[in-house]
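**Q** give me a model of this one.
(2 chains)
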Amino acid sequence: MNAGLILVQLLNGITLGAIYVLVAVGLTIVFGMLNIINFAHGSLYALGAYLAFMAATVIGESSGSFWAAAVVAPVLTGIFGAIIEITLLRRMYHELHEYQILLTFGIAIVLQEIIILIWGTYGKSIPMPSQLDGVIHLGLFTFPTYRIFLILFTAVTCLGLWLMIEKTKYGSIIRAGTENRNMVSCLGIDINKVFTVIFALGVGMAGLAGALSLPMRGAQSAMGDSIMLLCFVTITIGGLGSFTGAILGGLIVGIVESMMALVWPQGGMISIFAAMALVILVKPTGLMGLK
Amino acid sequence: MKTGGSFLLALLLIVLVISFFAGPSAAQEKVTMAGMATFGGAYVGVDEINRAKDFFLNERAGKILNKPIEFIIIDDEGKPAVGARKVRELAESKGARFFDGPASSAVGMAVSQVAKETKSILIGSFGADDFTGTQCHRYAFRWGLSAYGAIQQTIIPLIKKFPAAKRWYTITPDYIFGHSLLNNAKEVFNKYGVEHVGNDMHPIGQTEYSSFFNKAMAAKADVVVFLNFGKDTVNSIKQAGNFGLAKKAKLLAVWTQGTQDLVEIGPEAAEGVYLGCQFWHNVDFPGTRAFVKAWQDKYNVPPSYPEAMHVEQFRMMAMGIEKAKSLNTDAVSKAMEGMKWDGVTGETSIQSFNHETRKNYFLLQGKPKKEMKDPHDMASVVSFGSSLKTQAESACKMQ
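**A** You can find the predicted model right below:
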């Protein structure tokens, strides 16, 4: 095993982590701010991938089709999320977590079946965007340009999201709403609207991750199941509801998965769960969690 | 009174005549057939089996030996215990005795034991050699070539085509199907003096393969061989395309689903990749031409490997029943032994000593997009043929 291989595997791990970060950030925003555990998040990730495929297909074979799809998919997924929030979730905010889990789990199953009904059981894929199709040579190894883009894009997106939540007026309303929704309402702010925006934003992130993973892994109806499991591990490691924890957790999961492939590929998932167990033992709230 | 008596007599006659014609059909014997598929996950195949079932029932006008066919599709969930339980339930509660096997070797091997116990005909095309090897029995038949045949028909032609390619790397799913392919591949590597420079095992449903590509590059592999199946093959080849692996090594996927996988992979990533397949629609055999035309007339697209496999396996059951003129599975099994026909992959016949089918296996190569004549013309045929173990080589002791 040489240093080059370890370096490339590390890059790979960060790429995997980038996808997990995008999905997990959406999940953790919804949990942290709405106190809802959204079990439909994985299916919404899959929906994002399929919507991106649909958009790319409608636009046709042009160099801009991927970029258009990467914009359309998260927006449509976010709108779909807003509809779910307004029609279903809103009635559940005051209920026990068990009811919320049942509802979102039900939504996940229905969504997966809708995907199969519309797009069938065959997977879908689109080619790499021509601008990012190629590899960067790292000595003996090559690394896809698209994966480098994915790492950078995730970093910029997370920074933008963090700035929006922490540094803007609307962000302060969101944070205040999560602390005391009645007080925010008394100030004349429509808290229901704020919550709808938060849920749409979180779900839109899942849709964005689905769209970005499409040229790399394609779209498959059951793709939400595996990512959902990893995202729960991610936010458990990082700390439930913690934005920075989701980023840290995603990167840890991606890197552990990737590095384990060098020594014990079958043990990738076991190692991820072992890492989670270790974090829970040492710091039950997760690395960045407060509660 | 006399008139009334005649009337009653006439009525009785009418009732007798009606019951003569209507009665038997009400209580008529059915042919209960069952097809197995996985409704989700890496081996999902529910659409394919449904289309194949409709095609077959239409072709047979819903009857075998003039008896109506009752067709049931089982979701084995990709789990051996579930598949075995459902087959046993169907055999015991509905008297089903004709089963079209699952995609997964693990499920297939579990179901094969139930078929043996319930004396049910099981025709499968999953890879595990043991199905018609150490675990063979009189009710188990294989249509597709086994792992042995698939390796013989893909790796050997490539070794001959590229004699300078001496370093081979394998990527294998960690279960019975992958192990069967890997064991056979190792034997071929040894026999032909090529170096097996590395192997990675992965679980079913693995989504990320990039780590394995880096290891293959580090091992300076000339050929990277994928011994996986279904979504795993699609994901691995697609990602190999992203990594530009095809520019550094030749890629071979030993057991693919033909058009179905190729469409998912996309022509860009599939270009130049070698793919083994049990069925290819674009070959010039009379049985293939007739089947492909009938399928396209019905569905407007060429059939994929799973669709062709199911149709051929349903046809094998029907031919066996008709030849035996009975639904008795001992008689049907005997009738199927040595059966010959013009199948969907050319001339086809069943070996009596282990119930394996002699049929063609195809080695394809992904075409450049600009050479495709239609959206499904994604590969050209490099070679084809059949490889079965001889009676002396076979581990089957037929019971």
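
**Q** can you pull the contacts of residue A:161?
**A** Applying CB atoms under 8 Å, 6 or more residues apart in numbering or on different chains, we find residue A:161 in contact with A:25, A:29, A:201, A:205, A:243. Where you see a C-beta, it was placed from the backbone N, CA and C, and this is true even at glycine.

**Q** one more pass at 6 Å, please.
**A** Under the criterion of CB atoms under 6 Å, 6 or more residues apart in numbering or on different chains, residue A:161 has no neighbours.

**Q** distance check, the most centrally placed residue in chain B against chain A.
**A** With distances taken as CA atoms, centre = their mean, residue B:125 lies nearest the centre of chain B, 3.7 Å away. For residue B:125, the distance to chain A equals 19 Å [CB to the nearest CB, to the nearest Å].

**Q** that residue is in contact with residue B:309, isn't it?
**A** Yes - at 5.0 Å, residue B:125 and residue B:309 qualify as touching, with contact defined as CB atoms under 6 Å.

**Q** phi, psi for the closest residue to chain B within chain A please.
**A** For chain A and chain B, the shortest gap (CB to the nearest CB) falls at residue A:261, measuring 3.2 Å. Here is the backbone geometry of residue A:261 (degrees, to the nearest 10): phi -60, psi -20.

**Q** now stretch B:188-206 - C-alpha only, PDB.
**A** Taking Å, rounded to 0.1, in the frame of the first residue of the first chain, the C-alpha atoms of stretch B:188-206 are listed here in PDB:
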ATOM      1  CA  VAL B 188      -8.900 -20.500 -15.800                       C
ATOM      2  CA  PHE B 189      -6.200 -18.000 -14.700                       C
ATOM      3  CA  ASN B 190      -4.100 -20.900 -13.500                       C
ATOM      4  CA  LYS B 191      -4.700 -23.000 -16.600                       C
ATOM      5  CA  TYR B 192      -3.800 -20.200 -19.000                       C
ATOM      6  CA  GLY B 193      -0.900 -18.800 -17.000                       C
ATOM      7  CA  VAL B 194      -2.300 -15.300 -16.400                       C
ATOM      8  CA  GLU B 195      -1.600 -13.700 -13.000                       C
ATOM      9  CA  HIS B 196      -4.500 -13.000 -10.700                       C
ATOM     10  CA  VAL B 197      -3.000  -9.800  -9.100                       C
ATOM     11  CA  GLY B 198      -5.900  -9.000  -6.700                       C
ATOM     12  CA  ASN B 199      -9.500  -9.500  -5.700                       C
ATOM     13  CA  ASP B 200     -11.900  -7.400  -3.700                       C
ATOM     14  CA  MET B 201     -15.000  -8.800  -2.100                       C
ATOM     15  CA  HIS B 202     -18.000  -6.500  -1.700                       C
ATOM     16  CA  PRO B 203     -21.500  -7.000  -0.200                       C
ATOM     17  CA  ILE B 204     -24.600  -7.100  -2.400                       C
ATOM     18  CA  GLY B 205     -26.000  -3.600  -3.000                       C
ATOM     19  CA  GLN B 206     -22.600  -1.900  -2.700                       C
END
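
**Q** so how far is it from its chain's centroid?
**A** 23 Å (CA atoms, centre = their mean, to the nearest Å).

**Q** what residues of it count as buried?
**A** Across stretch B:188-206, burial judged by 16 or more other CB atoms under 10 Å in any protein chain shown covers B:188-189, B:194, B:196-202, B:204-206.

**Q** for residue B:140, phi and psi?
**A** Here is the backbone geometry of residue B:140 (degrees, to the nearest 10): phi -100, psi 130.

**Q** meant to ask about residue B:264
**A** Main-chain torsions, residue B:264, degrees, to the nearest 10: phi -70, psi -40.

**Q** which residues touch the most far-flung residue of chain A relative to its centre?
**A** Among residues of chain A, the one most distant from the C-alpha centroid is residue A:186; the distance is 33.2 Å, by CA atoms, centre = their mean. Residues near residue A:186 by CB under 6 Å, 6+ apart: none.

**Q** excluding chain neighbours, what is closest to residue B:306?
**A** Nearest residue to residue B:306 in three dimensions, chain neighbours excluded: residue B:48, at 4.1 Å (CB to CB, 6 or more residues apart in numbering or on different chains).

**Q** quick one: pLDDT of that neighbour?
**A** For residue B:48, the model assigns a pLDDT of 89.

**Q** same check, this time on the one 5 residues further on
**A** Each residue has a pLDDT score; the one for residue B:53 is 96.

**Q** okay, domains of chain B per the record?
**A** B:28-145+B:284-358, B:149-279+B:361-385 (automatic domain parsing).

**Q** can you list the residues of the stretch 151-291 of chain A near chain B?
**A** Of all the residues in the stretch 151-291 of chain A, those in contact range of chain B (CB under 6 Å from any CB of the partner chain) are A:218, A:222, A:226, A:258, A:261, A:265, A:266.

**Q** element containing the residue in the stretch 151-300 of chain B that chain A sits nearest to, please.
**A** Nearest residue of the stretch 151-300 of chain B to chain A (CB to the nearest CB) works out as residue B:211 at 3.2 Å. Remark: residue B:211 resides in helix B:210-218, with elements defined by DSSP states H and E.

**Q** the next helix or strand after that helix packs against which elements?
**A** Per DSSP H and E, the first helix or strand lying C-terminal to helix B:210-218 is strand B:223-226. Contacts defined by 3 or more CB pairs under 6 Å, 6 or more residues apart in numbering or on different chains; DSSP states H and E place strand B:223-226 against strand B:167-173, strand B:250-256.

**Q** single out the most deeply packed of the ones you listed.
**A** Of the helices and strands packed on strand B:223-226, the one with the most neighbours on average (mean count of other CB atoms under 10 Å in any protein chain shown) is strand B:250-256, at a mean of 27.

**Q** backbone torsions only: list them for residue B:64.
**A** Note on residue B:64: its backbone torsions stand at phi -130, psi 130 [degrees, to the nearest 10].

**Q** next up, the contacts around it.
**A** Each residue near residue B:64 by CB under 6 Å, 6+ apart is listed here: B:31, B:318, B:321.

**Q** any idea how far the second one lies from residue B:296?
**A** Translated: residue B:318. In this view, residue B:318 and residue B:296 are 22 Å apart by CB to CB, to the nearest Å.

**Q** which one's more surrounded, these two?
**A** Using other CB atoms under 10 Å in any protein chain shown as the criterion, residue B:318 and residue B:296 rank with residue B:318 on top: 20 against 14.

**Q** circling back: now do the closest residue to the residue nearest to the centre of chain B other than its chain neighbours against residue B:309, distance only.
**A** Leaving aside its sequence neighbours, residue B:125 sits nearest to residue B:144 (CB to CB, 6+ apart; 3.1 Å). For residue B:144, the distance to residue B:309 (CB to CB) stands at 6 Å.

**Q** between the two, what contacts are shared?
**A** By CB under 6 Å, 6+ apart, the residues touching both residue B:144 and residue B:309 are residue B:125.

**Q** what about residue A:36, how many neighbours?
**A** The local packing of residue A:36 (other CB under 10 Å) involves 23 other residues.

**Q** what ranges does the stretch 1-150 of chain B have for its strands?
**A** Ranges of strands within the stretch 1-150 of chain B are B:31-37, B:63-64, B:67-75, B:98-100, B:121-124, B:140-142, based on DSSP state E, counting those that start in this stretch.

**Q** so what strands line up beside the second one?
**A** Translated: strand B:63-64. Partner strands and pairing direction for strand B:63-64 (DSSP bridges) are strand B:67-75 (antiparallel).

**Q** average pLDDT across the partner strand?
**A** Averaged across strand B:67-75, the pLDDT comes to 94.

**Q** and the nearest residue to residue B:91 once chain neighbours are set aside, how far is that from residue A:189?
**A** Leaving out its chain neighbours, the residue that sits closest to residue B:91 by CB to CB, 6+ apart is residue B:118, at 4.0 Å. Using CB to CB, residue B:118 is found at 68 Å from residue A:189.

**Q** and those two? Which one has more around it.
**A** Neighbours per residue (other CB under 10 Å) separate residue B:118 from residue A:189, with residue B:118 holding more: 19 against 15.

**Q** if we can go back for a sec, mind listing what the residue nearest to the centre of chain B touches?
**A** By CB under 6 Å, 6+ apart, the contact set of residue B:125 is B:143, B:144, B:309.
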